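Colleague: mind looking at a prediction? Sequence and model below.
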Amino acid sequence: MLRVRTPSASRRVSSVRHRSTVLTGGGRLTAIHAISLGFDTCYVLRDRGVIAIDAGQPKRSAAFARGLDRAAIRTDEVGLLVLTHAHWDHMGSAAAMRALTGAPLAVHRSEAGWVQQANPPLPPGLTAWGRIFMAVHRLALPLIHLAPAPVDIVVDDEPWSLEDYGIPGVVIPTPGHSPGSLSVVLESGEAFVGDLAMNRLPLTLRPSLSIFGDDVHTLKRSWRRVVESGARTIYPAHGRPFPVEALAGRAADRDR
């Protein structure tokens, strides 16, 4: 059953793969745990509540459970699963992670059907390398088997506060890589952007906007929205975090 969502009213780095603790407004501490789920990173945020961002590749729920255990988080503490978008490598373990945690699964309305029917498309390439990479990737697509997952929360195009889930941040729409891409931005400036930006070989040599997507102009507008929301550190699904300044100037001027 779908529940339509309506809006509600100093750093240390170590490892789960890595962990950061950030100071947010009112002296609150938000722990950020990065768990590798194949080629993707799932970010688990812990403050007054716990949420997980993205569900990685198929058959990675055991890796997710091990990551929670290393972070000293029980599976039943996870109160929400958010997909930044519903391509196969971000929704692959969504059904299993939802069953493991009992947490509701939140997806943008334009991609909820991809998750429920387990039939997401592949995005086109936006750069020459992106087009080559995706052409090769399509050859392996028949070998990828996805499980459909129920969608509990359908996210719309308005900012969505996560305070009800104990996280001092907001979910904002950031389309361009896909029509329903979302980003999670904390009050302290940490932005979890899915594939809006990338920072990992063989995709990119350095921090970059996505090399795949539906529309480069929409992608750039979404990047500006993330920057204008107060983002200071970007946490991509593919690669290490990087400061927003590493990309801000190049993103505005880059030709595809």
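Modeller: Yes, it's here.
Colleague: what's across from the closest residue to Gly180 other than its chain neighbours in the sheet?
Modeller: Spatially, and ignoring its direct neighbours in sequence, Gly180 is nearest to His108 (3.0 Å; C-beta to C-beta, 6 or more residues apart in numbering). To be clear about C-beta, it is placed using only N, CA and C from the backbone, and glycine gets the same treatment. Here His108 sits in beta bridges with Val155, going by DSSP bridges.
Colleague: Thr233 now?
Modeller: Per DSSP bridges, the residues bridged to Thr233 are Glu190, Pro243.
Colleague: that one - how many residues pack around it?
Modeller: The criterion is other C-beta atoms under 10 Å. On that basis, Thr233 has 19 neighbouring residues.
Colleague: for it, give me its contacts.
Modeller: Thr233 sits next to 189-191, 241-244 when contact means C-beta atoms under 8 Å, 6 or more residues apart in numbering.
Colleague: now do the helices in the chain.
Modeller: Assigned by DSSP state H, the helices in the chain fall at 61-70, 88-91, 94-101, 112-117, 128-140, 216-228, 245-253.
Colleague: dump the C-alpha coordinates for the shortest one into CSV.
Modeller: In this case it means helix 88-91. Output in CSV follows, covering the C-alpha atoms of helix 88-91 (Å, rounded to 0.1, in the frame of the first residue of the first chain):
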residue,chain,number,x,y,z
TRP,A,88,19.2,-1.3,-10.6
ASP,A,89,22.4,-0.7,-8.7
HIS,A,90,20.5,1.5,-6.1
MET,A,91,17.4,-0.5,-5.6
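Colleague: mean confidence score for that helix?
Modeller: Average pLDDT, helix 88-91: 98.
Colleague: and for that helix, what's in contact with it?
Modeller: Counting by C-beta under 8 Å, 6+ apart, 38-40, 54-58, 83-84, 107, 114-115, 120, 122, 141, 144, 146, 149, 194-195, 237 sit against helix 88-91.
Colleague: and Asp69, how far from Ala237?
Modeller: According to C-beta to C-beta, to the nearest Å, Asp69 and Ala237 sit 22 Å apart.
Colleague: neighbour count winner among the two?
Modeller: The neighbour count for Asp69 versus Ala237, taken as other C-beta under 10 Å, is higher for Ala237 (28 against 12).
Colleague: I figured the more buried one hits Gly194, correct?
Modeller: Yes - between Ala237 and Gly194 there is a contact under C-beta atoms under 8 Å: 5.0 Å.
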